[in-house]
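# Next comes the sequence, and after it the predicted model I'd like to discuss.
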Amino acid sequence: MSSVTDCNEGINIFYYSKEMGDIVNKKKIVLLISSVAIIILGIGGKMYMDKQEEIREERNQAVREIQEQASKYIIENYVGIKKIEWTGWSVGPGPLSVDTSMIINDYSVDEGNGFFSYSAGHPEWVEKYTDGIFEFYPRDENDTSKGTKGEMIKTLREQGVRKSKEGSPNAEIIYNWEESE
């Protein structure tokens, strides 16, 4: 390396061999780009993980709210309820959608028909949906074969389950806030 001073301008000008300068500059550029990429990936990864945790917490909160609202409504408005057992939850079709289901008085027909399944919703929706589960429509009355709503209603009626403001204050409630596989 040699140095030449331009007397007119007072600036030192360094001369490198062309090959040596190109190698050093390329290494510096690669190092700089790599460092920036690692930093960006690290920050992006952290932001992604934080967002996933936030979504998980929102889903867990939605599950708790659904299970608590439905359980409270059922034990306050239906007699004959001895036990409500929630069977966990799973992610529904929407970004924050969750589905959760329960077993009432050890009776479960929730093998894909969704009679005791809930999705996130407003408290008024939970009440209307719950009443709809327990109502016996004429079309249901004629079909009491296994796995039908008619069979479910018939079995629960035989157990003394019916709408009443007396409710079932001594009912056992087993919450399950774990995500189903």
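Now that the structure is in, tell me what you want to look at.
# per-residue confidence for residue 47?
Listed pLDDT for residue 47 reads 93.
# Looks to me like residue 102 is in a helix.
No. Secondary structure of residue 102 (DSSP: H, G, I helix; E, B strand; the rest coil): strand, not part of a helix.
# Show the contacting residues for it.
Counting by CB atoms under 8 Å, 6 or more residues apart in numbering, residue 102 makes contact with 67, 70-71, 84-87, 110, 116, 118. For every residue, glycine as well, the C-beta is placed using N, CA and C.
# Closest one of those residues to residue 180?
Residue 180 lies nearest to residue 87 out of the contacts of residue 102, by CB to CB, at 7.2 Å.
# hang on, the closest one packs against residue 176?
Yes. Counting by CB atoms under 8 Å, residue 87 does reach residue 176; the two are 6.0 Å apart.
# just checking, what packs against the lengthiest helix in the chain?
When every helix of the chain is counted residue by residue (DSSP state H), the longest turns out to be helix 18-77. The contact analysis (3 or more CB pairs under 8 Å, 6 or more residues apart in numbering; DSSP states H and E) places helix 18-77 against strand 83-91, strand 98-104, strand 117-119, helix 123-134.
# Count the neighbours of the nearest residue to residue 89 once chain neighbours are set aside for me.
Using CB to CB, 6 or more residues apart in numbering and skipping the chain neighbours, the partner closest in space to residue 89 is residue 100 (3.9 Å). Applying other CB atoms under 10 Å, we find 26 residues neighbouring residue 100.
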